[in-house]
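> Provided below are the primary sequence and the corresponding predicted coordinates.
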Protein chains: 2
Amino acid sequence: MEARSADRLHRMGSETTLQDTGEFSLIERITTGLPDDERVLVGPGDDAALLATPHGSVVVTTDVLVEGQHFRRDWSTAIDIGRKAAAASLADVAAMGGTATGLVVGFGAPADLPTSWALECTAGLREEAATVGACLIGGDVVQAPQVVLSVTALGDLGGRPPVLRSGARPGDVVAVAGRLGWSAAGLALLSRGFRSPKVLVDAHRFPEPPYAAGPDAAAAGATAMIDVSDGLIADVRHLAEASGVVIRLVTDGWEIPEPMQAAAAAYNIDPLEWMLTGGEDHALLATFPAGTPLPGEFRSIGTVEAGEPAVVVNDVVREADGGFRHFA
Amino acid sequence: MEARSADRLHRMGSETTLQDTGEFSLIERITTGLPDDERVLVGPGDDAALLATPHGSVVVTTDVLVEGQHFRRDWSTAIDIGRKAAAASLADVAAMGGTATGLVVGFGAPADLPTSWALECTAGLREEAATVGACLIGGDVVQAPQVVLSVTALGDLGGRPPVLRSGARPGDVVAVAGRLGWSAAGLALLSRGFRSPKVLVDAHRFPEPPYAAGPDAAAAGATAMIDVSDGLIADVRHLAEASGVVIRLVTDGWEIPEPMQAAAAAYNIDPLEWMLTGGEDHALLATFPAGTPLPGEFRSIGTVEAGEPAVVVNDVVREADGGFRHFA
């Protein structure tokens, strides 16, 4: 018995699970020591990778959506889920300052899935891709216990260098384009059994990322950029850590959209928390040198300062960010 | 009640499932009417797609492997499964005559998966990529009820045009490089609880595709090429249909590897059936103009003739091909 206990202890020690390790630490461990290949112009750790081709480069990024984890078939239509899956990858290309050109899609589904569902989901993927002028160029179809969508987007930088997470410099202005907290508010409504306000519920069903703001920011001289998919504070922290800076956000004067105000009041929730911590809207957060005229959709929400990487909101350091983490 | 019956009939009619539709018909329905975009140099229907970039092109292909469907964690190590997942996509690039340059990987897993398993699986992906000089350039990590691996490979054609499935012409020689039936034989052994002959079991655990044979075939003037992933007859049929030709295979003189002979004798199975119908070895099947000196690894196994697309083995038309189909 002692031998068995020792064996069990040994297994407990060596068999740390993903729940213990956590999403971000797992990624760090997977990507540590990845080959330093000269063709990998931008490797793991940014919104997308950049791979050298013989005569240029290609942006590439992949996102996986799993039924029950990222979407529910009883809350969203097949078209919405296709659009949402495409948007996650298309927004990553925009966050590099690029424009997506093509998608390849891995589609897993149970054998009893209605064929119409699969076709409508694909239509959603194509519709969302079409909003940026990209198209569906291939894929793989396999059987799986639940619907799984893996979407890889390829894109082009239009001759500009990529806008990385690591370029923010003290003195820069922090600006955001697109919605904050809408998807989280919609999810809160759906979780409580409500289907309205429709504009919020729809925002959870599929995001409307400000794709064009990505290349616009790059052209305007953005120093750093990230896609807000985990939540504003969580993603600002990613950018602050990659750049080695403090980012100070000031929420004074933020316009809280009317439907969000109403929903928040009904549930006694501070709508600012949705905006600060809600993910999946795929807003684009960028930093610009002070004095840069901000491109159309961007609004200033803060500043970059020197110091140990941190996120400060209204003079309070935010530790817990509420950002979504897999395996937690 | 009549109304409900009618309603039920209506639903039965409209709610055809993927099981009814089948993998290949689903793909056909998904890809019908895909936008005819000039940047899509090769679209759905071949081993990989080819997307124009501003100064060239990039090969791209994606494959999804689902636990329980494509692999079992009690039959294969994490490293083997990583290698197998990478091989599926890397072989698709080779089948276009290209060389893979980078992989992006979507990794889904349950929270209680040992972290060591995830790290070893990633090591397997990297090892397999390294065999062709490609590297892991990014990915996504998500929670899922079972392990899901989606691997997208990018590649380069080395300045040559892609070798498509559709280029076979009457009079061409049909040749194959790499193993046939080894993975199927290994699966048969594992299914019966055996772990030997090890060389066959290992062949099921991870394939050893003849990657270099892809660019070699392209350089030698191959008219068409396909990766044998579903099974020889099934994939020969894909090529015959894409090219609009009859392909005649003659098995006289095929060398049946010794371990396969032994295993087949033990189970009273014709080893030729493994070689004709077994998938997942990722051999490369190509057609060459008659008289072309076959590149190193290729051996002649048949000829191309004019006629309604069909596969003929030893003068017998093969209808049922035993090829793997999802949702069946």
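Thanks, I have it. Numbering: from 1, shown residues only, chains lettered A, B, ... in the order given.
> so what's the residue nearest the centre of chain A up against?
Nearest residue to the geometric centre of chain A (C-alpha atoms, centre = their mean): residue A:229, 2.6 Å. Neighbouring residues of residue A:229 by C-beta atoms under 8 Å, 6 or more residues apart in numbering or on different chains: A:88, A:91, A:235, A:279-280, A:282. Yep, even glycine has a C-beta here, placed from its N, CA and C like the rest.
> show me what contacts residue A:147?
For residue A:147, the contact set (C-beta under 8 Å, 6+ apart) comprises A:66-67, A:73, A:81, A:107-110, A:113, A:121.
> closest to residue B:164 out of the residues you listed?
Taking C-beta to C-beta as the measure, residue B:164 lies nearest residue A:107 of these, at 23.1 Å.
> beta partners for the closest one?
Note on residue A:107: beta-bridge partners by DSSP bridges are residue A:141, residue A:149.
> is it true that it touches residue A:118?
Yes: using C-beta atoms under 8 Å, residue A:107 is in contact with residue A:118, at 6.9 Å.
> which one's more surrounded, those two?
residue A:107 (28 against 23; other C-beta atoms under 10 Å in any protein chain shown).
> tell me the pLDDT at the more buried one?
For residue A:107, the pLDDT comes out at 96.
> please report how far it lies from residue B:279.
Per C-beta to C-beta, to the nearest Å, residue A:107 is found 19 Å from residue B:279.
> surely residue A:300 meets residue A:177?
No: if you go by C-beta under 8 Å, residue A:300 and residue A:177 don't touch, sitting 11.1 Å apart.
> where do the helices sit along chain A?
Applying DSSP state H to chain A gives helices spanning A:2-14, A:18-21, A:23-31, A:78-94, A:115-130, A:182-191, A:198-205, A:213-220, A:232-243, A:258-267, A:271-277.
> quick one: the fourth one to helix A:213-220, angle?
Translated: helix A:78-94. Inter-element angle recorded for helix A:78-94 and helix A:213-220: 10 degrees (by axes from the mean of the first three to the mean of the last three C-alpha atoms, to 10 degrees).
> point out the other helices and strands that helix A:78-94 packs with.
Taking 3 or more C-beta pairs under 8 Å, 6 or more residues apart in numbering or on different chains; DSSP states H and E as contact, the helices and strands that helix A:78-94 lies on are strand A:56-66, strand A:99-109, helix A:115-130, strand A:148-156, helix A:213-220, strand A:224-228.
> what's around residue A:284, how many residues?
30.
> correct me if wrong: it contacts residue A:95.
Yes: in this structure, residue A:284 is within contact of residue A:95 by C-beta under 8 Å, at 5.8 Å.
> what is in contact with the two at once?
Counting by C-beta under 8 Å, 6+ apart, the shared contacts of residue A:284 and residue A:95 are A:214, A:225-227.
> tabulate the residues you listed (CSV), appending neighbour count, pLDDT and distance to residue B:158.
Formatted as CSV, these follow (neighbours: other C-beta atoms under 10 Å in any protein chain shown; pLDDT from 0 to 100; distance: C-beta to C-beta, whole Å):
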residue, neighbour count, pLDDT, distance to residue B:158
A:214, 32, 98, 32
A:225, 29, 98, 34
A:226, 28, 98, 35
A:227, 29, 97, 34
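> and for the residue in the stretch 151-300 of chain A that chain B sits nearest to, the neighbour number?
In the stretch 151-300 of chain A, the residue that lies nearest chain B is residue A:152 (4.2 Å; C-beta to the nearest C-beta). Residues within reach of residue A:152, counting by other C-beta under 10 Å, total 32.
> domains of chain A?
According to automatic domain parsing, chain A comprises the domains A:25-156, A:165-317.
> ok now the first one, how far from the chain's centre?
Shown here is domain A:25-156, whose average C-alpha point lies 12 Å from the average C-alpha point of the whole chain (C-alpha atoms, centre = their mean, to the nearest Å).
> also the longest one?
The chain centre lies 11 Å from the centre of domain A:165-317; the measure is C-alpha atoms, centre = their mean.
> now do the end-to-end distance for that domain.
20 Å (C-alpha to C-alpha, to the nearest Å).
> returning to that earlier point: deepest of the domains of chain A, which one?
Mean neighbour count (mean count of other C-beta atoms under 10 Å in any protein chain shown) peaks for domain A:25-156 among these, with a mean of 23.
> next, the distance between the ends of that one.
End-to-end for domain A:25-156, by C-alpha to C-alpha: 30 Å.
> try stretch A:23-42
End-to-end span of stretch A:23-42 (C-alpha to C-alpha): 21 Å.
> what's in contact with that stretch?
Here stretch A:23-42 makes contact (C-beta under 8 Å, 6+ apart) with A:18, A:21, A:43-45, A:48-52, A:57, A:96, A:162, A:164, A:325-328, B:101-102, B:115, B:118-119, B:122, B:126, B:130, B:135-137, B:139, B:141.
> possible to save the helices and strands packed on helix A:78-94 as TSV with distance to residue B:308?
Formatted as TSV, those follow (distance: least, C-beta to C-beta, whole Å):
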stretch	distance to residue B:308
strand A:56-66	40
strand A:99-109	31
helix A:115-130	28
strand A:148-156	37
helix A:213-220	50
strand A:224-228	51
